[in-house]
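[1] A structural model of the following input is requested.
(chains A, B, C and D)
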Number of protein chains: 2
Amino acid sequence: MQAKDKVTAKTGYHHGDLRQQLVTATRQLVEEKGQDNFSVSDACRKAGVSTAAPYRHFSDRQEMLHAVALEGMAEMKTAFDAALEGKTPCSKDAIAAIGEAYVAFAVAHPGMFRMMFAHHDPDETLKTRGDACYGVLLQQVGGFIGVPADAEEGRAASFPLWTFVHGLAFLAIDRKVEFADMSVQVPQMVQLATDRLLVAKS
Amino acid sequence: MQAKDKVTAKTGYHHGDLRQQLVTATRQLVEEKGQDNFSVSDACRKAGVSTAAPYRHFSDRQEMLHAVALEGMAEMKTAFDAALEGKTPCSKDAIAAIGEAYVAFAVAHPGMFRMMFAHHDPDETLKTRGDACYGVLLQQVGGFIGVPADAEEGRAASFPLWTFVHGLAFLAIDRKVEFADMSVQVPQMVQLATDRLLVAKS
DNA sequence: TAGCTATGTAAGAGCCGCTAACAATGTTAG
DNA sequence: CTAACATTGTTAGCGGCTCTTACATAGCTA
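    Below is the predicted model of the structure:
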C-alpha cells in the first residue's frame, strides 16, 4: 500500500464498493480527529477518489456521518448480544453485563458513540436500531422482574439503568473522570448502580 | 435596531466591549444552530464587525466556543446555589435539588451544555469551574453522610448521582426520551435516583 | 502634542462543501 | 452483438469559511 492509510486500492474507473469504503474512511477519521474536524475531502483522499464522488452516495456531509452512526448502532447491538453469552438469562449479572458493554463500547469508539446520540432531526432508521439495542435490555429486565418485555413496568425499571450507564459513558469519553483502571472500576460502578436501581417496583 | 439580531450597535471605530459581545453572539448562535453550524463569520455579522476582528480577542474559532463553555460553567454554579435556597442544607431534598437544577440547566441551554462537557485537550480554567460546580454537590453530600466535603467517601457517594443526572441531561437534550411533562418527570426521576443511589457507605 | 499600544479594517491565501457538465463503465432489450 | 440507458466516476469552479498580513484608527501617557 503506497499511499498511507488508503482504505483500499482502486481497481479501475469504477470502484465496486465506494459507499462502504467512504463510511469506513469517515469512521476512521471521526475517531482520529473528531467529527468537527472531519472533512469530506479527507475521506475522499483516504478512499482515493475525487471530492465529488461521495455525492453519488450521500446527499451531504451530514449523511456520511449519519451512516457511521447507523453502523455503530448495529455494532452495539452485536456487542450486547455477545455480552450476554455465558450469562444466566434475565439475571442481575446479565443486566449488568449489558451496562458494562455499553460503556466499553463508548470508550472503544468515542467518536462514533457521540454521533449515535447526537440529535439529528428526522431519522427513523437510527431510532429503530437504537430501539433494538434498548430492546436487549428491556428483555433482560422484563424477565428479571417477571413482566413481558414490552411492559410499562419493565420500561420504568430499565430507564434508570440506561440513564446511569449513558452518563458514565459520556463522563468517561469526555475525560471528566479519570479511572485508575477502567476495566475494573467501570464494571464496579455499573454493578453498584444495577444493585441499587434495579428493583421490581419503581 | 436596523440589522436583525445585532447584539449591540457599534458606536465608532472602536467597539468598547467586542470580546463579550462576540461571546454573547457565539452563545446565541450555538443555541440556535448548534456548534457544528456556528461560524465565526456569523458571529461577526451579529456583532457588526469585520471577520478579522475576533482574532484580536481569540486565537481561533475553538477558543470562542470555549469562552461560551466557561460562561456556562459559571452560570451553572449560580444555578446550583439558587437551587439550594430554601432547602434544608445537606438534606436529601437539597441534594436532589442540585440534580434537578443540573438537568434543567442542560435543557435550557443544550448547545452550551454540550460544549461545557466536550473534551477539549488542555483547559485548566474550565476544569476549575467544573470542580466548583461539583463542589456544591460534594459539600451537600458530605454533610448528609457526615464526612468532610473533600473526603473520599463523599466523592464515592456523589459520583453515582452525578453520573445519573449527567446521563439524564444528555438523553433529554438529544431527545432520546420524550417526557410528557419534563418539569414533573425529571424531578421524579432525580428523586428516585437520589433515594436509591445515596447511601452513606458505598 | 508625539509616540505607543490596542483594536479595528481590507485584502487575500488556502481549504472546504457542494454542483454542473462530462466521461467511463455496467446493464439490458432487441 | 450492439444500441440505448442507468450508474458512478472525474474535472472545473462557485461561494463561503478560517485565519493571516498589512494597514488604519483611536485611546493613553509622557
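
[2] just checking, residue A:133 touches residue A:77?
    Yes. If you go by C-beta atoms under 8 Å, residue A:133 and residue A:77 touch, sitting 5.0 Å apart. C-betas here are computed from N, CA, C, even on glycine.

[3] Name the residue in the two with the higher neighbour count.
    A direct count of neighbours by other C-beta atoms under 10 Å in any protein chain shown for residue A:133 and residue A:77 places residue A:133 higher, at 24 against 17.

[4] what does chain A put close to DNA strand C?
    Contact residues (C-beta under 7 Å from any atom of the strand) of chain A with DNA strand C: A:12-14, A:38-42, A:51-52, A:55, A:59-62.

[5] how about 10 Å then?
    Chain A comes close to DNA strand C at residues A:11-16, A:29, A:37-45, A:50-56, A:58-65, as judged by C-beta under 10 Å from any atom of the strand.

[6] Around residue A:89, how many other residues sit close by?
    Residues within reach of residue A:89, counting by other C-beta under 10 Å, total 11.

[7] That one sits in which helix or strand?
    Using DSSP states H and E, residue A:89 sits within no helix or strand.

[8] Against residue A:73, how distant is residue A:127?
    From residue A:127 across to residue A:73, the span is 9 Å (C-beta to C-beta, to the nearest Å).

[9] between the two, which one's more packed in?
    residue A:73 (23 against 14).

[10] Nearest residue to that one in space, ignoring adjacent ones along the chain?
    residue A:129 (3.9 Å; C-beta to C-beta, 6 or more residues apart in numbering or on different chains).

[11] And for residue A:179?
    For residue A:179, the spatially nearest residue (C-beta to C-beta, 6+ apart) is residue A:185, at 4.5 Å.

[12] returning to that earlier point: can you classify the residue nearest to residue A:73 as helix, strand or coil?
    Following DSSP: H, G, I helix; E, B strand; the rest coil, we place residue A:129 in the helix state.

[13] Which among the residues of chain A next to DNA strand C count as buried?
    For the residues of chain A next to DNA strand C, a neighbour count by 16 or more other C-beta atoms under 10 Å in any protein chain shown gives the buried set as A:15, A:29, A:38, A:40, A:42-45, A:53-54, A:58, A:61, A:64-65.

[14] Quick check: which of those residues has the minimum pLDDT.
    When those are compared by pLDDT, residue A:15 scores lowest at 69.

[15] quick revisit: can you list the buried ones among the residues of chain A next to DNA strand C in TSV and add distance to residue A:152 and secondary structure?
    Below are these laid out as TSV (distance: C-beta to C-beta, whole Å; DSSP: H, G, I helix; E, B strand; the rest coil):
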residue	distance to residue A:152	secondary structure
A:15	49	coil
A:29	42	helix
A:38	40	coil
A:40	44	helix
A:42	46	helix
A:43	43	helix
A:44	48	helix
A:45	50	helix
A:53	48	helix
A:54	44	helix
A:58	39	coil
A:61	40	helix
A:64	38	helix
A:65	34	helix
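
[16] for those, which one is nearest residue A:87?
    Closest approach between these and residue A:87, by C-beta to C-beta: residue A:65, at 33.8 Å.

[17] Can you verify my assumption that the closest one contacts residue A:115?
    Yes. Using C-beta under 8 Å, residue A:65 is in contact with residue A:115, at 5.6 Å.

[18] Spit out the residues that contact those two alike.
    Contact criterion C-beta atoms under 8 Å, 6 or more residues apart in numbering or on different chains; residues shared by residue A:65 and residue A:115: A:30, A:35.

[19] How about residue A:87, nearest residue that isn't a chain neighbour?
    residue A:94 (3.9 Å).

[20] Low-confidence stretches in chain A?
    Chain A contains residues with pLDDT under 70 at A:1-15, A:200-202.

[21] thinking again about what came up before, for the residue nearest to residue A:87, list the residues it contacts.
    Shown in contact with residue A:94 (C-beta under 8 Å, 6+ apart): A:84, A:87-88, A:140.

[22] okay if I get those residues as a markdown table plus secondary structure?
    Formatted as a markdown table, the entries for the contacts of residue A:94 read as follows, by three-state DSSP:
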| residue | secondary structure |
| --- | --- |
| A:84 | helix |
| A:87 | coil |
| A:88 | coil |
| A:140 | helix |
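
[23] Tabulate the residues you listed (TSV), appending distance to DNA strand D.
    Shown next, in TSV, are the contacts of residue A:94 (distance: C-beta to the nearest atom of the strand, whole Å):
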residue	distance to DNA strand D
A:84	37
A:87	42
A:88	47
A:140	40
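
[24] how about the helices in chain A?
    Assigned by DSSP state H, chain A shows helices spanning A:18-33, A:40-47, A:61-84, A:92-108, A:110-117, A:124-145, A:152-173, A:182-197.

[25] Spatially, which residue comes closest to the closest residue to chain B within chain A, not counting chain neighbours?
    Nearest to chain B, among the residues of chain A, is residue A:167, at 2.8 Å (C-beta to the nearest C-beta). Sequence neighbours aside, residue B:167 is the residue nearest to residue A:167 in space, at 2.8 Å (criterion: C-beta to C-beta, 6+ apart).

[26] ok, now residue A:82?
    In space, not counting the residues next to it along the chain, residue A:82 is nearest to residue A:101; the distance is 7.5 Å by C-beta to C-beta, 6+ apart.

[27] what's the burial count for that neighbour?
    Count around residue A:101 with other C-beta under 10 Å applied: 22.

[28] Over to residue A:181?
    When neighbours are counted by other C-beta under 10 Å, residue A:181 registers 8.

[29] just residue A:175 next, same as before
    Counted with other C-beta under 10 Å, residues neighbouring residue A:175 total 13.

[30] so it sits right up against residue B:118, yeah?
    No. Between residue A:175 and residue B:118 there is no contact under C-beta under 8 Å: 10.3 Å.

[31] Now do the nearest residue to residue A:56 once chain neighbours are set aside: how many residues are near it, please.
    Among residues not flanking residue A:56 along the chain, residue A:18 sits closest, at 7.7 Å (C-beta to C-beta, 6+ apart). Neighbours of residue A:18 under the rule other C-beta under 10 Å: 21.

[32] For residue A:42, see how far away residue A:18 is.
    15 Å.
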